[in-house]
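# please work out how this folds:
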Amino acid sequence: MIHILRFRVLFGFALLLAGCAQQEFLPAGTANGAWTPVMRESDAGTFVQVPAGCFVMGSMAGERDESPLHRVCVRAFWIGQTEVTNTQYAECVAAQECTPPQDRVAFDDPAKADHPVVSITWEQADIYARWRGGRLPTEAEWEYAARGTEGWPYPWGTDAADCDRANIQGCVGDTRPVGLIGELRSASWVGALDMAGNVWEWVADWYNAGAYVSLADGVINPTGPGEGTLRVQRGGSWQADATRARATFRNRHAPNYYGNDQGFRIVMQF
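Numbering: from 1, shown residues only. Just a heads-up that it's a prediction; the model follows:
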């Protein structure tokens, strides 16, 4: 059962409560199912808690830039349960803090109010996140929220992506309302939805094909290269095939790029 919390945090792992005065990292390999998802409502939407923990980032079965495998530890944070919607982004535009999407067709369609906002550049996503008092997730945070300590290849487990679990190529041919497929079939271990399919999600990191090579084992909260020309996107989209919906797949584009299958979600620290 998912618990909605407004004023305090409950931890699902007994490890975090048993005599621990300080936050500890859940070991890589801990079963994802041991965590009970925790939700928190805010003015920025619904967020799910991601506990501090370690996991093996990357894949030896994917693209070359998904390797080598390396153990990463991530401090606790809260991530948007869904991608940012047109309605949520419109609040920032109305406050004159954000500029409208580069292509406004979907943004101006009342029928798509609860669809993810698209045609957003990396900078626009970053500005919105900061306006909300948050930020974009790092690559490591995004992948950890999707895969968990157990390191599933997909947010829901090991079964490949299909139209019953994700809005990918060949399903509906457009974005869907956020969270439409439902948490029982598609939620990640922390209760995040649409982390496979619907829209690509901008993350904070610059892209570098060899970024994983230099990471030390057990590195804590890596933030990626200090500079670059491309920014990373994660999660696949309604135009991407099942292979690209894997939680380890690294898409990338120039920061000023935008498309009708690209959006984002944000991270908060409450």
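
# only C-alpha atoms for contact and neighbour calcs from this point on.
Fine.

# for Cys54, which non-adjacent residue is spatially closest?
Distances taken as Cα to Cα, 6 or more residues apart in numbering put Cys73 closest to Cys54, at 4.0 Å, once the chain neighbours are dropped.

# hmm, who's touching the helix or strand hosting that neighbour?
Element membership for Cys73 (DSSP states H and E) is strand 70-74. Residues from elsewhere that reach strand 70-74, judged by Cα atoms under 8 Å, 6 or more residues apart in numbering: 25, 28, 52-58, 140-141, 144, 212, 215-222.

# in the stretch 51-200 of the chain, which segments are predicted with low confidence?
In the predicted model of the stretch 51-200 of the chain, residues 182-184 satisfy pLDDT under 70.

# show me what contacts Thr175?
Thr175 neighbours (Cα under 8 Å, 6+ apart): 115-116, 167, 198-199, 238, 261.

# 7 Å instead, please
Residues near Thr175 by Cα atoms under 7 Å, 6 or more residues apart in numbering: 115, 198, 238.

# again with Gly218
71-73.

# local confidence estimate at it?
Reading off the confidence values, Gly218 has pLDDT 96.

# do you know how far it is from Ile168?
33 Å (Cα to Cα, to the nearest Å).

# swap in Gly134?
Counting by Cα to Cα, the gap from Gly134 to Ile168 is 28 Å.

# what about the two, which has more around it?
Ile168 (28 against 19; other Cα atoms under 10 Å).

# show me what contacts the residue nearest to Pro116 when sequence neighbours are not counted?
In space, Pro116 comes closest to Thr85 once its chain neighbours are excluded; the distance is 4.1 Å by Cα to Cα, 6+ apart. Counting by Cα under 7 Å, 6+ apart, Thr85 touches 113-117.

# same deal with Met57?
69-72.

# and the strands in the stretch 1-150 of the chain?
Remark: strands assigned in the stretch 1-150 of the chain by DSSP state E, counting those that start in this stretch are 3-5, 38-42, 45-50, 53-57, 70-74, 77-80.

# between strand 45-50 and the second one, find me the angle.
With axes from the mean of the first three to the mean of the last three Cα atoms, to 10 degrees applied, the angle from strand 38-42 to strand 45-50 works out at 150 degrees.

# dump strand 38-42 to CSV, keeping only the CA atoms.
Provided in CSV are the C-alpha atoms of strand 38-42 (Å, rounded to 0.1, in the frame of the first residue of the first chain):
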residue,chain,number,x,y,z
VAL,A,38,6.0,6.6,0.2
MET,A,39,4.3,9.6,-1.4
ARG,A,40,4.2,13.2,-0.6
GLU,A,41,1.9,15.9,-2.0
SER,A,42,3.2,19.4,-2.6
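
# elements contacting it?
For strand 38-42, the packing partners by 3 or more Cα pairs under 7 Å, 6 or more residues apart in numbering; DSSP states H and E come out as strand 3-5, strand 45-50.

# weakest of those strands in terms of mean pLDDT?
Mean pLDDT, when computed for each of the helices and strands packed on strand 38-42, is lowest for strand 3-5, at a mean of 41.

# picking that back up, any chance of the strands of the stretch 1-150 of the chain in TSV, plus distance to Thr175?
Below are those laid out as TSV (distance: least, Cα to Cα, whole Å):
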stretch	distance to Thr175
strand 3-5	27
strand 38-42	24
strand 45-50	19
strand 53-57	28
strand 70-74	30
strand 77-80	18
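
# which one of these lies closest to Val93?
Val93 sits nearest to strand 45-50 of all the strands of the stretch 1-150 of the chain, at 16.3 Å, using Cα to Cα.
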